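# Could you look at this predicted model? Sequence included:
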Amino acid sequence: MSPAAATMPAPAVLKADATIGILGGGQLGRMLALAAARLGFRCHVFSPSPDSPAFDVVHRVTCADYTDTEALDRFAGDVDVVTYEFENVPAETATFLAARIPVLPDPKILATTQDRLAEKTFVAGLGIATAAFADVGEAAALKSAMGRIGRPAVLKTRRFGYDGKGQALIKNGSDPQAVWREVGGQPCILEAFVPFEREVSVIAARGHDGAVECFDVTENEHRDHILKISRVPAAISQAAERQAREIAQTIAQAFGYVGVLAVEMFVLRDGRLLVNEIAPRVHNSGHWTLDGVSVSQFEQHIRAVAGWPLGKPIRHGRVEMINLIGNEVEDYRRWLDVPGAAVHLYGKAAVRPGRKMGHITRVFAD
Ligand code: AMP
């Protein structure tokens, strides 16, 4: 690939018939494309997998590897802006494209969010609280990190972890070196285990003009490390709600972010918030916005990367989102006549355990 461009072409305000390029073809890309279509845009999805759920709903597709520079070049020539639905797009791919076409959010942000150590260091540098953490670049560093962090602690691979993959608990009595091997013996971060009361996230959108709009704080319940239910409003104090939004806003401003990002946080019993993770994209815990509020996270993202003003979200009531994971997708029929429920299926042919197949949103009038 060619060396990084010094500067990216300046993003423009797109007309409603422009083409938006999306890197990644999963359900997030599919829902981004549907939101874009509603505003009149066309989408071109670039994904290496032939059975990408987003391919079914877009104007044009490129099925090629992220390192295929000829395909990337053609893709850049066909679109007016590039964004992503998948944060593990290789940094070189985003940089290659950024030399040719505006890529939003700025690919430099990926370098921070793809690496848990860089991400936590960045967040802590903004004066925002996280769990205590230590760098464990190699097995030999684990002992001194354990000395600083104590037990229980969570060992997480610095890169490519999601849905609890690439992480393991070090309890009293467990052999740290065995845990190191369990996560694959790669550079890690050791975090203090947080005895949180609940988990919440804030989905924030930031426009070209620096304006930020946050959705209401979402409370998230996981099963087997996978998000199962989101509830809005979260059962937290008004002060915690305000602080959670401020944290997301501070992070979005510090990145000079354009688009939607998610900030996952732990809420402690005393109401304090600790940032766990940033996702530089639309997020599963924001799916409730599809039916629960006047403008969805997907539309906000499309508006932001198109240079349009952000919408002002007004929530329709209490909202829940229930993920349909693996075989649970077969349950979708029972939701079809439930008052306030909407069924979203991702069109994935193969059902696999742990695979997100669809979700339900439920709006309660009370
Ligand atoms: P992550 O991949 O960092 O989002 O972690 C996945 C899930 O593991 C989180 O949603 C938490 O439920 C749990 N978890 C992660 N880090 C910690 C921690 N330091 N203390 C307690 N639980 C954690």
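Received the coordinates, thanks.

# okay, CA-based contacts and neighbour counts for the rest of this
OK.

# show me what contacts the closest residue to residue 43 other than its chain neighbours?
What sits nearest to residue 43 in space, not counting adjacent residues and going by Cα to Cα, 6 or more residues apart in numbering, is residue 20, at 4.7 Å. Shown in contact with residue 20 (Cα atoms under 8 Å, 6 or more residues apart in numbering): 41-44, 79-83.

# TSV please, covering those residues and showing secondary structure.
Listed next are the contacts of residue 20 as TSV, based on DSSP: H, G, I helix; E, B strand; the rest coil:
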residue	secondary structure
41	coil
42	strand
43	strand
44	strand
79	coil
80	coil
81	strand
82	strand
83	strand
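
# Within range of the ligand, give me the residues from this protein.
131, 154, 161-164, 191-194, 225, 276-277 (Cα under 6 Å from any ligand atom).

# which of those residues are buried?
Among the residues of the chain next to the ligand, the ones that count as buried by 16 or more other Cα atoms under 10 Å are 131, 154, 161, 191-194, 276-277.

# and those residues, which of them are in strands?
Taking DSSP state E, the ones among those that sit in strands are 154, 191-192, 276-277.

# Tabulate those (a markdown table), appending pLDDT.
Below are those laid out as a markdown table (pLDDT from 0 to 100):
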| residue | pLDDT |
| --- | --- |
| 154 | 95 |
| 191 | 97 |
| 192 | 97 |
| 276 | 97 |
| 277 | 96 |
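
# between the contacts of residue 20, which is nearest residue 103?
residue 82 (4.6 Å; Cα to Cα).

# For residue 301, see how far away that closest one is.
12 Å (Cα to Cα, to the nearest Å).

# The two: which has the busier surroundings?
Comparing residue 82 with residue 301 by other Cα atoms under 10 Å, the one with more neighbours is residue 301, at 29 against 26.

# circling back: of the buried ones among the residues of the chain next to the ligand, which pair is most distant in space?
Farthest pair in those, by Cα to Cα: 161 and 194, 18.1 Å.

# contacting residues around the nearest residue in space to residue 116 that is not next to it in sequence?
Leaving aside its sequence neighbours, residue 116 sits nearest to residue 158 (Cα to Cα, 6+ apart; 4.8 Å). By Cα under 8 Å, 6+ apart, the contact set of residue 158 is 114-117, 186-189.

# how about the helices in the stretch 151-300 of the chain?
Using DSSP state H, counting those that start in this stretch, the helices of the stretch 151-300 of the chain run over 176-182, 238-255, 289-292, 297-305.

# Only alpha carbons, please: show the longest one as CSV.
Put plainly, it is helix 238-255. Once non-C-alpha atoms are left out, helix 238-255 reads as follows in CSV (Å, rounded to 0.1, in the frame of the first residue of the first chain):
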residue,chain,number,x,y,z
GLN,A,238,-30.0,12.3,37.2
ALA,A,239,-26.4,13.3,38.3
ALA,A,240,-25.0,10.1,36.9
GLU,A,241,-27.0,10.5,33.7
ARG,A,242,-25.6,14.0,33.2
GLN,A,243,-22.1,12.9,34.0
ALA,A,244,-22.3,9.9,31.6
ARG,A,245,-23.4,12.3,28.7
GLU,A,246,-20.6,14.7,29.6
ILE,A,247,-18.0,11.9,29.5
ALA,A,248,-19.2,10.8,26.0
GLN,A,249,-19.2,14.4,24.8
THR,A,250,-15.7,15.0,26.2
ILE,A,251,-14.4,11.9,24.3
ALA,A,252,-16.1,12.9,21.1
GLN,A,253,-14.7,16.4,21.2
ALA,A,254,-11.2,15.2,22.2
PHE,A,255,-11.2,13.0,19.1
